[in-house]
Structures are given as C-alpha cells and as structure tokens.
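> okay, predicted coordinates and the sequence, questions at the end:
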Amino acid sequence: MTQSHAPTLALAIPTWNGGRVLQEVLAAVERQPDAHRLERVAIDSGSGDDTVATLRRHGFGVTVIDQKDFDHGATRDALVESCRADVVVLLTQDAIPADEQWLAALASSFADERVGAAYCKQLPRGDCNPFIARRLREWTAGKDQPVVQEPATQAEFDALQPMQRLQRCAYDNVAGSVRRTAWRAVEGFGRRPFGEDVAFGKRLVLGGWRIVFQAK
C-alpha cells in the first residue's frame with residue numbers, strides 16, 4: 001500500500017548546550033534539497049550557551065524547560081505532539097547528516113502507509129572513542145543493508161529468541177522518524193529515562209506497524 005501524496009515533514013531536536021556540533025548538524029540539514037519545507041521544533045533543557053539563539057536563527061520554534069524536567073521519552077513525546085506534519089524526523093544535537101540525500105532517503109520510507117517509523121544508519125565520527133565506534137558498528141543502526149521489520153502478534157514475538165526480538169523491534173531515535181498517526185496509535189514513547197526508542201519499536205510491531213531501517 002502506498003500513499004497518494006508525499007508526507008509533510010517536521011524536524012524535532014532536544015537540546016542542551018549543543019555548541020559547535022549543533023551548528024554542524026543544522027548546516028547539514030540546510031543542505032538537504034527540501035530543508036526549506038521542514039516544520040522545525042526544539043525543546044531546550046536550559047542551555048547556558050547560544051544553543052537557543054542558534055536554533056531560532058535556523059527557524060526553530062523553541063520551548064525551554066528546566067534541565068530536571070528532561071525525560072528521553074516524555075520530552076520527545078512533547079516534541080512530536082507540538083508538530084503538525086505527517087512525519088516527524090527526530091535528531092539528537094550531535095547527529096550530523098552525512099550527505100545531501102539523508103532527508104529524502106528517510107522520508108521515502110513512508111511511501112508505504114504501513115510504515116510507522118524509520119531510522120537510519122549511524123557512522124562514528126573520526127575522533128570517536130574506538131570502543132564506542134565498535135559498539136555503534138555492531139548495533140542495528142550500523143548495518144549496511146536496508147531492513148523492513150514486519151509486524152508480529154504477541155505469540156509470534158514471544159516465540160522469538162531474545163536477539164531476534166531485539167532485531168524485530170529495534171528503532172533508534174538518534175536519527176530516526178515517526179509517522180504521527182502511528183505514534184498516537186501506540187501512545188507515544190512514554191516517560192522513560194532510557195531505551196524509549198526500542199520500547200516504542202516493540203509497541204509499533206505489536207500494533208501492526210512496520211519499521212524501516214534505511215541504510216542509505
């Protein structure tokens with residue numbers, strides 16, 4: 001099943017003292033061919049540098065919260081809730097798009113109406129700690145080939161081995177995207193201090209939605 005029109009897109013970023021790397025992220029976003037069409041929102045956790053000013057220069061609507069109120073799941077839910085677009089692209093403040101095809105490749109995943117979320121390959125930067133770089137390459141977001149993670153019933157999911165379960169519901173919002181109707185159908189990320197993206201992925205596949213790993 002395919003959509004009759006291209007989905008509208010929003011870009012949402014949680015920030016805190018993003019500094020120079022955030023500027024690199026936003027410069028790479030601006031190089032995307034359809035960047036001018038993006039709805040842009042951010043929630044900042046009380047930065048002490050020029051993060052909020054940087055975001056506003058790039059057209060973001062910014063909500064500022066106290067740092068103690070940040071939660072990985074609930075803050076992202078607030079970001080998605082504040083958007084009007086069909087699909088919300090989620091980035092962290094240090095995830096730099098690697099090329100000018102990043103946004104189009106990620107958005108193309110949603111031509112299939114059964115796709116509730118899509119996430120993209122992550123590459124370690126040159127100065128990355130070698131242990132972290134290895135862990136990243138071995139994580140599901142380090143693969144070279146695209147994957148479509150199909151929905152599963154609870155019984156099918158329970159019958160899988162633990163690593164198979166993880167591979168079926170893996171999702172990463174360091175650089176990912178969600179269809180707002182799917183996000184709403186599974187009641188969002190929920191308040192979670194860690195692992196909110198994989199928990200969200202599990203609810204998606206059990207709720208009948210596909211997840212796409214976009215290796216491009």
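Sure, I can see it.
> use CA for all of it now, contacts and neighbours both
OK.
> center of this structure, which residue is that?
With distances taken as Cα atoms, centre = their mean, the residue of the chain nearest its centroid is Gly176 (2.5 Å).
> show the pLDDT at that one.
pLDDT recorded at Gly176 is 97.
> what's the local residue count around the residue nearest to it when sequence neighbours are not counted?
Once flanking residues are discounted, Gly176 sits nearest to Tyr119: 3.8 Å by Cα to Cα, 6 or more residues apart in numbering. Using other Cα atoms under 10 Å, Tyr119 is surrounded by 25 other residues.
> list the buried residues in the one helix or strand in the chain whose mean pLDDT sits lowest.
Lowest on mean pLDDT, DSSP states H and E among the helices and strands of the chain sits helix 130-138, with a mean of 89. Neighbour counts over helix 130-138 (16 or more other Cα atoms under 10 Å) mark Ala133, Leu136, Arg137 as buried.
> for Cys158, which non-adjacent residue is spatially closest?
Let me fix one detail, which is that residue 158 is Asp and not Cys. Closest to Asp158 by Cα to Cα, 6+ apart is Arg165, at 7.9 Å.
> point me to the helix or strand that includes that neighbour.
helix 162-169 (DSSP states H and E).
> give me the residues contacting that helix.
The contact list for helix 162-169, computed with Cα atoms under 8 Å, 6 or more residues apart in numbering, reads Thr140, Gln149, Glu150, Phe157, Asp158, Val198, Ala199, Gly201, Lys202, Leu204, Val205, Ile211.
> do that again at 10 Å, thanks
139-140, 147-152, 156-161, 170, 197-206, 210-211 (Cα atoms under 10 Å, 6 or more residues apart in numbering).
> output the below-cut-off pLDDT ranges for this protein.
1-4 (pLDDT under 70).
> can you show me the strands along it?
9-15, 39-44, 61-64, 87-91, 115-120, 147-149, 175-179, 210-214 (DSSP state E).
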